[in-house]
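Enquirer: give me coordinates for this.
(one chain, ligands or ions: 2)
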Amino acid sequence: MFLVTAEEMQNLDKLTIDQVGIPGVVLMENAGLQVVKVIKEILGEVPGKQVAVFAGKGNNGGDGFVIARHLLNMGAEVKVLLNGEPADITGDAKVNLNILQNMGQKIFTINNSNSLNIVKLTLVYTDLIVDAVFGTGFKGAVNDHMGKIISLINESGKPVVAVDIPSGLEANTGQVHGPCIRATHTVTFGLPKLGLTIHPGKEYAGQLHIADISIPPDLVKKQNFNKFLLTKELVAQMLPKRHSQGHKGDYGRVLVVAGSEGLTGAAVLTSTAVLKSGAGLATLAVPRSLHDLMEIKLTEVMTKPLPETEKKTISRDALEEVIALTESADVVALGPGISTEPATAGFVRDLLPELNKPVVIDADGLNALAGNLEVLKKIEAPVVITPHPGEMARLAGIKTEEVQNNRIEVAREFAANWRVNVVLKGAETVIAGVDGSLFVNSTGNPGMATGGSGDVLTGVIAGLIGQGLAPVRAAAAGVFIHGYAGDLGALEKGQAGLLAGDILNLLPKVFRELEGA
Ligand SMILES: NC(=O)C1=CN([C@@H]2O[C@H](COP(=O)(O)OP(=O)(O)OC[C@H]3O[C@@H](n4cnc5c(N)ncnc54)[C@H](O)[C@@H]3O)[C@@H](O)[C@H]2O)[C@@H](O)CC1
Ligand SMILES: [K+]
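Expert: Ligands and ions are numbered 1, 2, ... in the order given. From the prediction side, this is the model:
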């Protein structure tokens, strides 16, 4: 599903009006009716119910007037509270305000401090609140007075249906810069706005409904939008199809360079995840001392011993052997459990410029790059990096908090500046492509913050690149699949007891579901 910015949606509305010829007032009517549909589901019986519609001066308020009219016609007791004066309203919103007034509906203005008592009293008796104060035209923070009203609404404990987007939330970033409506439901029009799908906006939006207001799908397709919400249908389309004459070499050879003493599990999880994601062959290269152990632990994965340091980590002398191994590989996964040993970090920095195969760099592989980002510019093959917020902060030289407050921007900027595909992990993982594309994940849960979970993800992404997916699509599909397996695991075991091995073992089930989707 496409995700849009406020400007992209406004342009789409405009094209629908100007080129397709659907008048704005018709779009507004459709929008209002779609919200009424959701309200009916929440309220059950509408006649006799009390509904408070908080409206603003723009078109979001106009939608509010349409909603008020339909609910009145259905027998609800509706109170319209306008954050402004009726004389301020123009255009399509004015048309709908006039209709309400012609129907004899009183409009309460709430843009002055005397109005707080009206608001408080209304909230005591209302069964449901409609938030039509600000929509996609909103930027920055609400003023103090509106902030007080928003706080009263949030404290009321009543169901709140946000029209298009909760008032106070920025559509493009998902950021709030002051009080913001905490909706129980948000009915968004046409396409979901980016900010509704990502922290913290996602939490403010509550249950998200995507409502058709009759913007033609062909018009949407023509826009070449490059931001996506990852859904089962989208990921199922991305996955490679296996053909009847298939041979294991057709499904990719993946080289995993991983592990050190005490961190053998990372190597096992990554290389096994490669195979469980459908890749044909996986070779695991590990420090020599760990090799025999791996031969016992792993059956389907091939193994290669590498020169090691005294600390039983990969040594700089391993460079030539690893380069030789990459010759017969389609993709390399580098980093899980390799340790932060300086000689091993040096090996990573020596290896990367020599690679001519796509590479997924994770964990200690990324730590080797912090402060040495110029190495990224020397890699000719496509790169996927999979930092968690702390690793992203270290790489970008900023604070973790800055990363978390601006996840989309940080990932996109890093991808553009360093020409690497970025998987920024965390709640709502975002994937930013070198090509400017953006994917926001919709699967996963806090139970997945457990040792080894990231190693599994690295294996899935590398396994999918091995099968011919473009790196950014492999990253996006891999993130969704990994999260989905984690969600199934949490259903079975609960979040606290979820282990990376559970996620790994559920991968086949997820792939099977997606084959049928
Ligand atoms: N024809 C269309 O374009 C359609 C628009 N629709 C609705 O229209 C909305 C967009 O309408 P508008 O562009 O009129 O904008 P909004 O209704 O979102 O509100 C914009 C108003 O808020 C003001 N504002 C922005 N930031 C502010 C801040 N921090 N503090 C105080 N005031 C602030 C702006 O100056 C403007 O007056 C959508 O979200 C959707 O609900 C729907 O009716 C569907 C059709
Ligand atoms: K709103």
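
Enquirer: what are the ranges of the strands in the stretch 1-150 of the chain?
Expert: 50-55, 77-82, 107-109, 128-132 (DSSP state E, counting those that start in this stretch).

Enquirer: quick one, which of these gets closest to ligand 2.
Expert: Nearest to ligand 2 among those is strand 128-132; the distance by Cβ to the ion comes to 4.6 Å. From N, CA and C alone the C-beta is placed, and that goes for glycine too.

Enquirer: need the strands of the stretch 1-150 of the chain in CSV with distance to ligand 2, can you?
Expert: Output for these, formatted as CSV (distance: least, Cβ to the ion, whole Å):
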stretch, distance to ligand 2
strand 50-55, 8
strand 77-82, 13
strand 107-109, 18
strand 128-132, 5
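
Enquirer: what does this protein put close to ligand 1?
Expert: Within the chain, the residues that sit near ligand 1 (Cβ under 6 Å from any ligand atom) are 10, 13, 24, 27-28, 31, 56-63, 134-143, 163-164, 189, 213.

Enquirer: kindly reformat the strands of the stretch 1-150 of the chain as TSV containing mean pLDDT.
Expert: Formatted as TSV, the strands of the stretch 1-150 of the chain follow (pLDDT from 0 to 100):
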stretch	mean pLDDT
strand 50-55	98
strand 77-82	98
strand 107-109	97
strand 128-132	98
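
Enquirer: Three-state assignment for Val220, please.
Expert: Assigned with DSSP: H, G, I helix; E, B strand; the rest coil, Val220 falls in the helix class.

Enquirer: and the strands of the stretch 1-150 of the chain as CSV, adding distance to Val375?
Expert: Formatted as CSV, those follow (distance: least, Cβ to Cβ, whole Å):
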stretch, distance to Val375
strand 50-55, 53
strand 77-82, 58
strand 107-109, 61
strand 128-132, 49
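
Enquirer: dump the ones you listed into TSV; add mean neighbour count as well.
Expert: TSV is the format used below for the strands of the stretch 1-150 of the chain (neighbours: other Cβ atoms under 10 Å):
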stretch	mean neighbour count
strand 50-55	26
strand 77-82	22
strand 107-109	17
strand 128-132	27
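
Enquirer: just list the residues touching the nearest residue to Glu295 once chain neighbours are set aside, thanks.
Expert: Counting by Cβ to Cβ, 6 or more residues apart in numbering, Glu295 lies nearest to Thr303, which is 5.7 Å off, once chain neighbours are set aside. Counting by Cβ atoms under 8 Å, 6 or more residues apart in numbering, Thr303 touches 283-286, 291, 294-295.

Enquirer: which bits of this structure sit near ligand 2?
Expert: Contacts of the chain with ligand 2, taken as Cβ under 5 Å from the ion, map to 131, 162-163, 167.

Enquirer: in strands, which of those appear?
Expert: 131, 162-163 (DSSP state E).

Enquirer: Asn154 and Val176 touch, don't they?
Expert: No: between Asn154 and Val176 there is no contact under Cβ atoms under 8 Å: 11.8 Å.

Enquirer: secondary structure element for Ile408?
Expert: Secondary structure assigned from DSSP states H and E places Ile408 in helix 407-418.

Enquirer: so what touches that helix?
Expert: Residues outside helix 407-418 that contact it (Cβ under 8 Å, 6+ apart): 173-174, 194, 198-199, 373, 376-377, 389, 392, 395-396, 398, 402-403, 420-422, 424, 426, 428, 430-434, 436, 438, 440.

Enquirer: so where do the helices sit in the stretch 401-517 of the chain?
Expert: Using DSSP state H, counting those that start in this stretch, the helices found in the stretch 401-517 of the chain span residues 407-418, 453-466, 471-493, 500-515.

Enquirer: and stretch 413-426, what's buried?
Expert: For stretch 413-426, a neighbour-count test (16 or more other Cβ atoms under 10 Å) marks 414-415, 418, 420-426 as buried.

Enquirer: starting at the chain centroid, how far to it?
Expert: For stretch 413-426, the distance from its own C-alpha centre to the chain's C-alpha centre is 14 Å (Cα atoms, centre = their mean, to the nearest Å).

Enquirer: what about that stretch, how long is it end to end?
Expert: Using Cα to Cα, to the nearest Å, the end-to-end distance of stretch 413-426 comes to 18 Å.

Enquirer: next: stretch 196-207.
Expert: One end of stretch 196-207 sits 10 Å from the other (Cα to Cα).

Enquirer: then stretch 375-389?
Expert: End to end - Cα to Cα - stretch 375-389 spans 21 Å.

Enquirer: now do the SS call for Thr283.
Expert: For Thr283, the assignment made with three-state DSSP gives strand.

Enquirer: tally of neighbours for the closest residue in space to it that isn't next to it in sequence?
Expert: With sequence-adjacent residues excluded and distances taken as Cβ to Cβ, 6+ apart, Thr283 is closest to Met302, at 4.5 Å. A total of 15 residues lie near Met302 under the criterion other Cβ atoms under 10 Å.

Enquirer: list the contacts for Met302?
Expert: Counting by Cβ under 8 Å, 6+ apart, Met302 touches 281-284.

Enquirer: Val383 too?
Expert: Val383 touches 358-361, 376, 419-421, 471, counting by Cβ under 8 Å, 6+ apart.

Enquirer: would you list those in a markdown table and tack on pLDDT?
Expert: Output for the contacts of Val383, formatted as a markdown table (pLDDT from 0 to 100):
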| residue | pLDDT |
| --- | --- |
| Pro358 | 98 |
| Val359 | 98 |
| Val360 | 98 |
| Ile361 | 98 |
| Leu376 | 95 |
| Arg419 | 96 |
| Val420 | 98 |
| Asn421 | 98 |
| Pro471 | 98 |
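
Enquirer: which one of the residues you listed is nearest to Pro86?
Expert: Set against Pro86, the nearest of the contacts of Val383 by Cβ to Cβ is Asn421 (51.5 Å).

Enquirer: of the residues of the chain next to ligand 1, keep whichever come out buried.
Expert: Among the residues of the chain next to ligand 1, those buried by neighbour count (16+ other Cβ under 10 Å) are 10, 13, 24, 27-28, 31, 56-63, 134-136, 138, 142, 163-164, 189, 213.
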